[in-house]
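Trainee: got a predicted structure here, sequence first:
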Amino acid sequence: MRLVEPLRIGFATYDFPVLSEPFVSTLAIDMAMRDHEISLMTLNPEPRGVSQTMHDEVERTGIADFAIHAAPCTPWGKAMAKTRMGRFALRARMARHAGPFDIVHCHFATLGLPMLSLRKKRLLNTRALIVHLRGYDITTFVDENGEGIYRDLFDKADLFIANCEYFKQRAVALGCDPDKIEVIGSPLDAERFVPPDERRPYRQRPLEVVAIGRLVAKKGFATAIEAAAIAGRRGLDLRFTILGDGPLQQELQALICDLGLQASVTLKGRATQQQIVEALHRSDIALAPSVRDASGNEDAPVNTLKEAMATGLPVVATRHGGIPELVKHGENGLLVEEYDAAGLAAAIIDLAARTQDWAAMGVAGRSRVLDMYERGKVCDRTLAAYRRALAT
């Protein structure tokens with residue numbers, strides 16, 4: 001059986017490239033650099049959530065040229081996409097055009113369902129079907145569709161990947177065979193996200209606090225803004241910058257205004273990886289205040305939190321989802337409870353008073369991130385998972 005030659009790999013995604021999903025492009029680039037043949041199958045017939053701004057590595061490598069959309073953005077394609085059968089037909093045409101494959105890797109479990117259906121109808125030709133389990137897949141989507149939604153997928157797919165132990169255990173509780181699921185975190189570019197040559201000393205100036213992520217409820221930015229107000233009332237002079245865009249932008253801006261924080265809290269909008277690096281280098285502390293939102297959606301170890309830790313920043317985060325697998329309280333950061341603005345403010349104030357601990361926390365954080373998420377190691381682990389699936 002062919003296990004050591006280059007593999008033909010299809011990545012199933014909704015859209016590509018998406019600025020908030022660097023885990024797809026990073027892994028695709030790394031697989032291609034190892035001479036594996038990559039196709040990016042985007043199941044939306046037209047780009048819906050695709051960012052006009054791309055990470056510079058996506059532009060530099062031209063990986064977006066490997067994307068195959070379900071159908072051209074034509075009036076016919078748009079009309080077909082409005083019906084369930086039409087969407088199935090478009091996806092089947094895409095799969096036939098893209099295959100055959102050694103591996104089809106669905107980067108979201110919700111995509112595993114249509115890809116399994118295509119495989120059953122012999123419209124998707126792949127030796128192995130691998131399904132990635134992420135937060136929305138096994139929280140909100142399960143709540144909306146019932147705990148048995150993945151029963152057939154758990155039985156028929158060849159292997160599953162969870163991006164944290166917390167999500168693996170959620171999947172096992174839903175019926176996934178624990179022997180068919182591996183924990184492999186999302187990759188981090190540790191050569192890009194590095195500590196600065198020198199950080200500005202924190203003396204006689206505001207504390208620079210940063211948070212990065214989509215402006216959606218589960219990121220907990222409303223709680224962080226409230227915490228900034230509390231910390232300010234307790235005498236801490238700080239500037240809080242949030243990088244990212246999303247549906248809650250107007251709501252969060254209104255909260256900033258209601259709390260009178262226009263001079264100290266700023267929504268900076270979407271950012272490229274290089275802009276994120278620059279913001280992290282200017283900052284003293286990074287926040288990751290994720291929460292379980294009203295729909296039940298949860299986070300794994302947050303990618304932007306990994307990036308902050310890789311640059312040597314001490315962090316304050318919540319005891320939420322997979323975050324405690326990354327942040328060890330008192331060692332590389334501080335942990336607080338979800339939705340606790342006063343607790344988050346107290347942790348920021350505490351960390352601001354412990355500047356002597358920042359360097360050690362930063363070193364410990366970067367070491368943990370490199371061990372768990374460095375992109376080369378993640379690529380190695382993913383390829384090992386592929387070959388395990390092909391060998392069964």
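Mentor: Noted; the coordinates are in hand. All values reported here derive from a predicted model rather than from experimental measurement.
Trainee: which ones are touching the closest residue to E298 other than its chain neighbours?
Mentor: Leaving aside its chain neighbours, E298 sits nearest to G321 (4.1 Å; criterion: CB to CB, 6 or more residues apart in numbering). Just so you know, the C-beta spots here come from the backbone N, C-alpha and C atoms, and that holds for glycine as well. Taking CB atoms under 8 Å, 6 or more residues apart in numbering as the criterion, G321 is in contact with G135, C164, Y166, F167, S290, R292, E298, D299, A300, P301.
Trainee: next one, pLDDT for G321 please.
Mentor: Per-residue confidence (pLDDT) for G321: 94.
Trainee: ok so it is a strand residue?
Mentor: No. Counting by DSSP: H, G, I helix; E, B strand; the rest coil, G321 is not found in a strand; it is coil.
Trainee: N163: neighbour count?
Mentor: The local packing of N163 (other CB atoms under 10 Å) involves 23 other residues.
Trainee: tell me how far the residue nearest to E298 lies from A162.
Mentor: 12 Å (CB to CB, to the nearest Å).
Trainee: and if you look at L280?
Mentor: 27 Å.
Trainee: please apply the same query to Y150.
Mentor: Following CB to CB, the distance that separates Y150 from A162 is 13 Å.
Trainee: quickly list what's touching both of those two.
Mentor: When contacts are counted by CB under 8 Å, 6+ apart, Y150 and A162 have A171 as shared neighbours.
Trainee: still on that earlier bit, phi, psi for the residue nearest to E298 please.
Mentor: With angles defined as degrees, to the nearest 10, G321 shows backbone torsions of phi 50, psi -130.
Trainee: repeat that for I212.
Mentor: I212 adopts backbone torsions of phi -140, psi 130, taken as degrees, to the nearest 10.
Trainee: who's in contact with it?
Mentor: Applying CB under 8 Å, 6+ apart, the residues contacting I212 are I242, L243, G244, A271, I276, A279, A286, T304, E307, A308.
Trainee: and the furthest pair within those residues?
Mentor: In the contacts of I212, two members sit farther apart than any others by CB to CB. They are I242 and E307, at 14.6 Å.
Trainee: coming back round to it: I'd like the contacts of G321 laid out as a markdown table, including distance to P100 and neighbour count.
Mentor: Conversion of the contacts of G321 to a markdown table gives the following (distance: CB to CB, whole Å; neighbours: other CB atoms under 10 Å):
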| residue | distance to P100 | neighbour count |
| --- | --- | --- |
| G135 | 31 | 25 |
| C164 | 32 | 26 |
| Y166 | 35 | 22 |
| F167 | 30 | 27 |
| S290 | 40 | 29 |
| R292 | 41 | 20 |
| E298 | 36 | 25 |
| D299 | 35 | 30 |
| A300 | 31 | 26 |
| P301 | 35 | 27 |
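Trainee: and these as a markdown table, adding secondary structure and distance to L261?
Mentor: Output for these, formatted as a markdown table (DSSP: H, G, I helix; E, B strand; the rest coil; distance: CB to CB, whole Å):
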| residue | secondary structure | distance to L261 |
| --- | --- | --- |
| G135 | coil | 29 |
| C164 | coil | 33 |
| Y166 | helix | 33 |
| F167 | helix | 34 |
| S290 | coil | 21 |
| R292 | coil | 25 |
| E298 | coil | 27 |
| D299 | coil | 25 |
| A300 | coil | 30 |
| P301 | coil | 28 |
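Trainee: could you export those as CSV, including distance to N145?
Mentor: Supplementary listing: the contacts of G321 in CSV, determined by distance: CB to CB, whole Å:
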residue, distance to N145
G135, 15
C164, 22
Y166, 20
F167, 17
S290, 23
R292, 18
E298, 16
D299, 20
A300, 20
P301, 26
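Trainee: related to what we said a few turns ago, just the contacts of I212: which are in helices?
Mentor: Among the contacts of I212, the members found in helices (DSSP state H) are I276, A279, T304, E307, A308.
Trainee: now, which of the contacts of G321 sits nearest A157?
Mentor: Within the contacts of G321, the smallest distance to A157 is 15.5 Å, found for F167 (CB to CB).
Trainee: would you mind measuring from that closest one to V277?
Mentor: Counting by CB to CB, the gap between F167 and V277 amounts to 27 Å.
Trainee: show me where the stretch 1-150 of the chain dips below the pLDDT cut-off.
Mentor: Applying pLDDT under 70 to the stretch 1-150 of the chain flags residues 1-4, 44-54, 69-98.
Trainee: which residue ranges of it form strands?
Mentor: Across the stretch 1-150 of the chain, reading from the start of the chain, the strands by DSSP state E, counting those that start in this stretch fall at 8-13, 37-42, 67-69, 101-106, 126-133.
Trainee: most tightly surrounded among the ones you listed?
Mentor: When you average the neighbours per residue for each of those (mean count of other CB atoms under 10 Å), strand 101-106 leads with a mean of 26.
Trainee: which neighbouring elements make contact with that one?
Mentor: Of the remaining helices and strands, those touching strand 101-106 by 3 or more CB pairs under 8 Å, 6 or more residues apart in numbering; DSSP states H and E are strand 8-13, helix 109-120, strand 126-133, helix 375-391.
Trainee: and for this structure, the residue most distant from the center?
Mentor: Among the C-alpha atoms of the chain, the one farthest from their average position, using CA atoms, centre = their mean, is that of Q204, at 35.9 Å.
Trainee: return the per-residue confidence for it.
Mentor: On pLDDT, Q204 comes in at 83.
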